[in-house]
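Undergrad: Just to be clear, the model below is a prediction. Sequence and coordinates:
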Amino acid sequence: MDLNFTPDEQAFRLEIRQWLKENLPANTAHKVHSGLHLSRDDMQGWARILCAKGWLGFGWPSEFGGPGWNAVQRHLFEEECAMAGTPRIVPFGPVMVAPVIMAFGTPAQQQRFLPGIMSGDVWWSQGYSEPGSGSDLASVKTRAERRGDYYIVNGQKTWTTLAQYGDWIFCLVRTDASVKAQAGISFLLMDMKSPGVSVRPIVLLDGEPEVNEVFFDNVEVPVDNLIGEENKGWTYAKYLLAHERTNIADVNRAKRELERLKRIAKAEGLDSDVRFQDQIALLEVDIVALEMMVLRVLSAERSGKKSLDIAGLLKIRGSEIQQRYSELMMLAVGPYSLPHLPDAAQAGWQGDFVGAAHCAPLAGSYFNLRKTTIYGGSNEVQRNIVSQVLLGS
Amino acid sequence: MDFDFSDDQLALREAVQRWVYGAYSFETRRQVVQGGGFSHSQWRALTELGLTGLVIDEAHGGMSMGAVEAMIVMEEFGRGLVLETYAQAALIAPAMLRLAPTAIQQQWLAPIASGSAIVVLAHQERAARYRSEHVETTAQAHLGTFMINGMKSLVPAGDMADAYIVPARMSGSVTDPSGIGLFLIERKSAGVSSRAYALQDGSRAAEVSFVNAEAQLIVGQEQGHAALELALDIGIAALAAEAVGVMEKLLELTVEYLNTRKQFGVPIGSFQALRHRAADCKMQLELARSMSYYATLKLGEPAQQRRRSLSQAKVQLGQSARFVGQQCTQMHGGIGVTDEYMGSHYFKRLTCMEMQFGDTLHHLGEVTMRMQASAGVFA
């Protein structure tokens, strides 16, 4: 056992750090470090910079044009990105659907879709949840009926993050209603510009339209857009969710936000408030423990000797930590988090703040992050999974 | 010892309930939010119910009621998420003005009772956090009156109030509890300006600045800070009662959701993990209700005992509001974090309460500080 990264891994980290120093736009990093609103251009701009270096698909194997990094290298890359203040890579394309296309798509589909994902030119959305299918995802009702060379799709998806920017959407659709729920689902790729697709924003409690409802009204989808076999979509969906779970533990972002919390606490004069500092210290211990847990999973993944049964815990703990740091930031500024000044969370706002500029985005971000214990399989569902493995039933 | 309400108190609750459920629907409230967070027509409705004069003496046109009646009103306002700053204008301001010279009482109490004047406490300063003795705003005697200079933050309905009750320093250092006087300043006086904004819960507040603003003395520097502490304690008791109403309604919404939302072919309320969590929410609600009663019934005690009890109540309120707010939101899944859904607004109100009149950690400190009085062992 060795807690230290190998000399090669340390050199790799420095290479990433140097590249980030030279390529991450200062304005974007400032927004990330200050919790300010990121526009589509901020996110896409960063995606293009990564793409030029071949790192947008940083988890991709070399045979598909990725860097072919192992689990530890991927972690180091993500950690350096987080600490430097890069926007998060919008995951739906490069992190979610791309691995599914690589694993289960045809060579023709791979050639057709992967370049657009790799270049960041095509914005993907995720069409999983439906109004009646949240935790019980296998109950999806959006229907796809085969008619010649097309599927005719009717139904509705919801909670579709940033679908307002979406070019394409990958969806779980029901292709057989006569069998057990999981057995009648297919995995379909759809052009969101197709006739019959409409998007309606859902405003969240922080006032931002971050998610959407997506409606399908007799949408024609070529059968060529089916991934793998018809009615095998549940297998592909589970493959994708397994990827998503490690990704949303997000310990690296937590480390960066812990530093931000300390800066805010200092600026608010809490550096002599032992009672508040203890709260930060407790969070720091939680984050160190989560990081060690993440590293153990990565180490096991790299060595391939045995898989750890703790991956499911990462999403639970990671999301709780995200909520806690946002809560402590809000409490650090106390009453000055109360004013609701939505425009003040935009970079370069020229209006009058109430309190310091750093106060403005904090309550909104606390409200927004309530979603983290709900999305990607709620923490209740995650605990069911953990306990099923633990109890064997 | 008796925790039953009298018939008159029950009748009061019913009257307030009727107004909240009838006239102050969630859609009406949404319009008030969009209109800036304070509605004069809703305020008039409260006046017509007599509520603006609830605790004001009959001699000044009020109803001469007490803290328990105030608690009842606040609970019902909590259930309806009433935005208008009732606790400030109808509970805190009259209590402070009662300490003022007769002329000031004569001038203000009747208009407050009749609804034609709104007076609010303006105490928050930028560097003060929750320390009530931190007062940088200054008061200087000037030709038989006083001139006030300084800035106050987060003043409820601060651009609409007719007058403010302002703690200002007459002597001593910035954090000295002695040397603070309470002053009455009219909004339309020269040197007073305000900048209004919405709060996260949809209510309205303002930054108010005073530049050589003329003021009348309510309480002098010997008793000023003690009076301010009483004002804050009245605020805490009101908040505790309001929180009970907010949590009660939010838990009702959640129970209804648990019983109707189906996943895996059954209502999600059949899952034991969620049933236990709902039971824990009920626990937190009833603990908070108990401490709300405690807070209200301790308001009349001598300052030392009152301060300790009100801090204990705020700690319980903070813990209950956090748990019930977060868990009821969680049990709703995605619906719970949408603006369209009523429940998210209850969660936001509970969140804001934590940071009003001192947060949980602040009041935990207040309780700790007074522990030596409890057994002598920590002295």
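TA: Cool, got the structure. Computed from a predicted model, the values in this text were never measured in an experiment. Residues are numbered from 1 along each chain as shown, chains lettered A, B, ... in the order given.
Undergrad: Around chain B, which positions in the stretch 1-150 of chain A sit nearby?
TA: Proximity of the stretch 1-150 of chain A to chain B, by Cβ under 8 Å from any Cβ of the partner chain, involves residues A:Ser129, A:Gly132, A:Ser133, A:Gly134, A:Ser135, A:Asp136, A:Ser139. Where C-beta positions appear, they are placed from N, C-alpha and C, glycine not excepted.
Undergrad: May I ask which of the residues you listed has the most neighbours?
TA: A:Gly134 (23 neighbours; other Cβ atoms under 10 Å in any protein chain shown).
Undergrad: Give me the distance between that residue and B:Ser194.
TA: 45 Å (Cβ to Cβ, to the nearest Å).
Undergrad: of all of the stretch 51-200 of chain A, which residue lies closest to chain B?
TA: A:Asp136 (3.9 Å; Cβ to the nearest Cβ).
Undergrad: mind checking pLDDT for that residue?
TA: At A:Asp136, the predicted lDDT confidence score is 92.
Undergrad: Beta-bridge partners for the closest residue to it other than its chain neighbours, please?
TA: Nearest non-adjacent residue to A:Asp136, counting by Cβ to Cβ, 6 or more residues apart in numbering or on different chains: B:Gln263, 3.9 Å away. Beta-bridge pairing for B:Gln263 (DSSP bridges): B:Val266.
Undergrad: Also A:Ala144?
TA: Using DSSP bridges, the bridge partners assigned to A:Ala144 are A:Val153.
Undergrad: shouldn't it be in contact with A:Val173?
TA: Yes - applying Cβ atoms under 8 Å, one finds A:Ala144 in contact with A:Val173, separated by 3.9 Å.
Undergrad: Show me whatever sits in contact with both of these two.
TA: Shared contacts of A:Ala144 and A:Val173, defined by Cβ atoms under 8 Å, 6 or more residues apart in numbering or on different chains, comprise A:Tyr151, A:Val153, A:Ser186, A:Leu188.
Undergrad: Note down every partner strand of the lengthiest strand in chain B and its orientation.
TA: Secondary structure of chain B per DSSP state E: the longest strand is strand B:204-219. Looking at strand B:204-219 with DSSP bridges, its partner strands are strand B:145-156 (antiparallel), strand B:180-186 (antiparallel), strand B:192-198 (antiparallel).
Undergrad: which residues sit in contact with B:Ser209?
TA: B:Gly150, B:Met151, B:Lys152, B:Val192, B:Ser193, B:Ser194.
Undergrad: Run a quick neighbour tally on the second one.
TA: Pointing back at B:Met151 there. Number of residues near B:Met151 (other Cβ under 10 Å) recorded here: 15.
Undergrad: distance of it from B:Arg195?
TA: 10 Å.
Undergrad: what do these two both touch?
TA: Contact criterion Cβ under 8 Å, 6+ apart; residues shared by B:Met151 and B:Arg195: B:Glu207.
Undergrad: Strands along chain A, start to end?
TA: Along chain A, the segments classed as strands by DSSP E run A:124-127, A:143-147, A:150-157, A:168-174, A:185-191, A:197-202, A:211-222, A:226-227.
Undergrad: mind checking which of the ones you listed is nearest A:Ser319?
TA: strand A:211-222 (16.5 Å; Cβ to Cβ).
Undergrad: Let me see the domain layout of chain A.
TA: According to automatic domain parsing, chain A comprises the domains A:7-89, A:124-230, A:248-391.
Undergrad: Next, format those domains as CSV and append distance to B:Met355.
TA: Formatted as CSV, the domains of chain A follow (distance: least, Cβ to Cβ, whole Å):
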stretch, distance to B:Met355
domain A:7-89, 18
domain A:124-230, 16
domain A:248-391, 5
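Undergrad: Give me the below-cutoff pLDDT ranges for the stretch 251-379 of chain B.
TA: Low-confidence segments of the stretch 251-379 of chain B (pLDDT under 70): B:372-379.
Undergrad: Count residues in the vicinity of A:Gln350, would you?
TA: Neighbour number of A:Gln350 under other Cβ under 10 Å is 7.
Undergrad: again, but for A:Ala356
TA: Residues near A:Ala356, counting by other Cβ under 10 Å: 13.
Undergrad: I'd say it and A:Tyr336 touch.
TA: Yes - if you go by Cβ under 8 Å, A:Ala356 and A:Tyr336 touch, sitting 7.3 Å apart.
Undergrad: From A:Leu341, how far out is A:Ala347?
TA: 14 Å.
Undergrad: quick one, which of the two is more surrounded?
TA: Using other Cβ under 10 Å as the criterion, A:Ala347 and A:Leu341 rank with A:Leu341 on top: 20 against 14.
Undergrad: Leaving out the residues flanking it, which one is nearest to the more buried one?
TA: A:Ala360 (5.4 Å).
Undergrad: which ones are touching A:Lys21?
TA: Contact partners of A:Lys21, counting by Cβ under 8 Å, 6+ apart, are A:Ala84.
Undergrad: How confident was the prediction at it?
TA: With respect to pLDDT, A:Lys21 has a value of 98.
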